[in-house]
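Peer 1: Next one to model:
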Amino acid sequence: MTEFEDIYRAYFQDVFSYLRRLTNDSSLAEELTSETFFKAIHALNQFRGDCNIRVWLCQIAKNTYFSYLKREAKTEYPGSGELLRSPSQEPSMEELLVRREDARQIREVLHTIPEPYKEVFMWRVFAELSFRQIGQIFGKSENWACVTYHRARAKIIERLEENDYDK
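Peer 2: Numbering: from 1, shown residues only. Below you'll find the model as predicted:
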């Protein structure tokens, strides 16, 4: 158990920071970080060592976050999370529905693009990592990460247009 405790101490802040950037909510990030390490302890024997353990933990964290979003989508009601806005800034119900639909379509298309495009896009957009950081994760250059991100973005736009999502 001491091996896992060392991993927990060494990487807790990295995983928490990653999730805080994804969620924009410290308490949710803390909850998901706990869930991530719970999953990691049960999957530690599956870690092959072919990537940095921080990357492996962040992958688990990302999947945990996406699972959370799927659970919440089933129980979410219109206007949730919008209660703190002032009336002058409040978007109309139509705007909220369009935003949700756009996000759903992008998520749907994102899952159809191949690796490493999908992964690079998610690191850039959800984790807000720099191209240098993304390049380091993949053992590639900053330029490779930038080009891969822009190709991923182009693929997403292309697929959205193919599926007439832009109408």
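
Peer 1: How about the host helix or strand of residue 72, which residues are buried there?
Peer 2: Secondary structure from DSSP states H and E places residue 72 in helix 53-75. For helix 53-75, burial by neighbour count (16 or more other Cβ atoms under 10 Å) applies to 55-58, 60-62, 64-65, 68. In short, each C-beta sits where N, CA and C put it, glycine included.

Peer 1: Make CSV from those and add pLDDT to it.
Peer 2: Formatted as CSV, these follow (pLDDT from 0 to 100):
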residue, pLDDT
55, 82
56, 85
57, 86
58, 85
60, 88
61, 89
62, 87
64, 88
65, 88
68, 85
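
Peer 1: Widest-spaced pair of those residues?
Peer 2: Using Cβ to Cβ, those span at most 20.1 Å, a distance reached by 55 and 68.

Peer 1: sorry, back to before: so which elements touch the helix holding residue 72?
Peer 2: Where contact means 3 or more Cβ pairs under 8 Å, 6 or more residues apart in numbering; DSSP states H and E, helix 53-75 is packed against helix 2-23, helix 26-43.

Peer 1: could you redo the last one with a cut-off of 10 Å?
Peer 2: helix 2-23, helix 26-43, helix 93-110, helix 117-125, helix 131-138 (3 or more Cβ pairs under 10 Å, 6 or more residues apart in numbering; DSSP states H and E).

Peer 1: so how far is that helix off the chain centroid?
Peer 2: Counting by Cα atoms, centre = their mean, to the nearest Å, helix 53-75 is centred 7 Å from the centre of its parent chain.

Peer 1: now it and helix 117-125, what's the angle there?
Peer 2: What separates the directions of helix 53-75 and helix 117-125 is an angle of 90 degrees, with axes from the mean of the first three to the mean of the last three Cα atoms, to 10 degrees.

Peer 1: Please work out which helix or strand belonging to the chain has the smallest mean pLDDT.
Peer 2: For the chain, using mean pLDDT, DSSP states H and E, the weakest element among its helices and strands is helix 93-110, scoring a mean of 69.
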